[in-house]
Structure formats: C-alpha cells, structure tokens
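K.L.:
Structure for the following, please:
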Amino acid sequence: MICLKKNFIASLYFFLISLSGLSQSDWKLIKNSQDIQVYVRTNDSTKFKEYKATMVVKATLDKVLQTIMDADELKNWNYQTSKSYLVKKLSDTEQTIYMENDMPWPVQNRDVVTRMKVQHPTSNIIIIKLLPDSESVPEKDKIIRVKNFSGYWYLEQSSKGIIVIQQMQGDPGGSLPAFLFNLFLTNGPFSTFLGLNKALAE
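P.N.:
Okay, the predicted model is just below:
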C-alpha cells in the first residue's frame, strides 16, 4: 500500500509539472545515439522549440544530484559553457548559479542566472526546477542575458540505473532568429548529456 501511494504521488507530481505542455505539439525524436534521446516540440505561444533529453546512467541518485548542483564544475560538461560559479546558496535545497556560454560567430555570447530548487516527491525521485534569477548578477557589456526560460531536471532511481531527464524551453534573447535556434537545438542537449555521463563516470 505504501509503495502504491508513493508511485501515485510521483505520477501526480510529474503530471502537474508537465501541465504547461497542454498547448504544445507531441514530442518528436530528433536524435537517438549513444543511449541518449533528444526530443523537441513546438509551443503555440513561442516560435522557439522546447527540448527534452533523456538517458539512463550507472551512478547513485546522490552523485547525479551533486554533479548537477556543482556550479563550479558545470562548465566542464555543460554545452559551450565557458564560465560557471555559485552566486548564492540559499538553503540545502536551493541555490542560484551563473553560467556564460560561448556562441559561434557571428552570434553574441549569452549568459544566464538560474535559481535551482531541489524537490523530493518520493525517496527515489528528485526534481530540480530551473527558473530565471537575472537580478542576482549585473548584466555584462556585449553579452546577452537570457531571461525568459523554464525547465527542470528529473532524476529517478530504477532497476537499470538513474533515469535522467532534462526539459527546457526559453527565448535566447537578442536578434537570434527562431529558425536558426531550432536548427541547432539538437547539439546542445546531446553534448550536455554526453558531458554529464562522462563526469559521472570519473
């Protein structure tokens, strides 16, 4: 009975955080390589597509959580991130981090300030909500601040390992055309998951 109750709570929670997708199209698989799947879908309210990346890793739930929350090390595995650091630790389950991303010419570099909130709906599931916290760090000259985004990491202990899902949607800001952003959307999530998998193996 306890197990069924936990599974129900987890399913309900995952359903609730996915409600924002009701006005969106179905997920389309655009890359399936090295045990990593990347999906995209469109949204009625924006021209920029949303992505979801998934994989299963051989690691403990705590190690995956600690790796994702380690702001100083994020730059070593997150796609095209040249700088990352902890802005402020708000509690054991909440922090603000800064990341700067190098973009290929002629696209301007971007940076982002993210509030990360860790939630434990059940003992074998962790969800890290990702929200903008732009006011925590002053903007820099010649770097475009990404201010409009939302997403989360979903981690679940399974018999095959830790299921890792990242789902994100946002506006990269500046004058970057939506079609160009969408065209290269595959590379970022796939490279990030490759880097995360490597970091977890070390």
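K.L.:
how about the helices in the chain?
P.N.:
Ranges of helices within the chain are 2-17, 61-69, 178-183, 187-201, based on DSSP state H.
K.L.:
Any chance you could list what contacts the last one?
P.N.:
Which is helix 187-201. Here helix 187-201 makes contact (Cβ atoms under 8 Å, 6 or more residues apart in numbering) with 31, 33-34, 36, 38, 51-53, 55, 57-59, 63-64, 67-68, 73, 76-80, 164, 166, 168. C-beta: built from backbone N, CA, C; applies to glycine.
K.L.:
average pLDDT for it?
P.N.:
Taken as a whole, helix 187-201 has a mean pLDDT of 95.
K.L.:
by how many degrees do that helix and helix 61-69 diverge?
P.N.:
Using axes from the mean of the first three to the mean of the last three Cα atoms, to 10 degrees, the inter-axis angle of helix 187-201 relative to helix 61-69 is 130 degrees.
K.L.:
Buried residues in helix 187-201, which are they?
P.N.:
Gly188, Pro189, Phe190, Ser191, Thr192, Phe193, Leu194, Gly195, Leu196, Asn197, Ala199, Leu200 (16 or more other Cβ atoms under 10 Å).
K.L.:
quick check, distance from that helix to the centre of its chain.
P.N.:
Chain-centre distance of helix 187-201: 12 Å, with Cα atoms, centre = their mean, to the nearest Å.
K.L.:
Restrict it to CA atoms and write it as PDB.
P.N.:
The C-alpha coordinates for helix 187-201 follow below in PDB (Å, rounded to 0.1, in the frame of the first residue of the first chain):
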ATOM      1  CA  ASN A 187      23.600  19.800 -30.400                       C
ATOM      2  CA  GLY A 188      23.200  21.400 -27.000                       C
ATOM      3  CA  PRO A 189      21.200  18.800 -25.100                       C
ATOM      4  CA  PHE A 190      23.100  15.900 -26.700                       C
ATOM      5  CA  SER A 191      26.500  17.300 -25.900                       C
ATOM      6  CA  THR A 192      25.500  18.200 -22.400                       C
ATOM      7  CA  PHE A 193      24.300  14.700 -21.700                       C
ATOM      8  CA  LEU A 194      27.500  13.200 -23.100                       C
ATOM      9  CA  GLY A 195      29.500  15.500 -20.900                       C
ATOM     10  CA  LEU A 196      27.400  14.700 -17.800                       C
ATOM     11  CA  ASN A 197      27.700  11.000 -18.400                       C
ATOM     12  CA  LYS A 198      31.500  11.300 -18.700                       C
ATOM     13  CA  ALA A 199      31.600  13.400 -15.500                       C
ATOM     14  CA  LEU A 200      29.600  10.800 -13.600                       C
ATOM     15  CA  ALA A 201      32.000   8.100 -14.700                       C
END
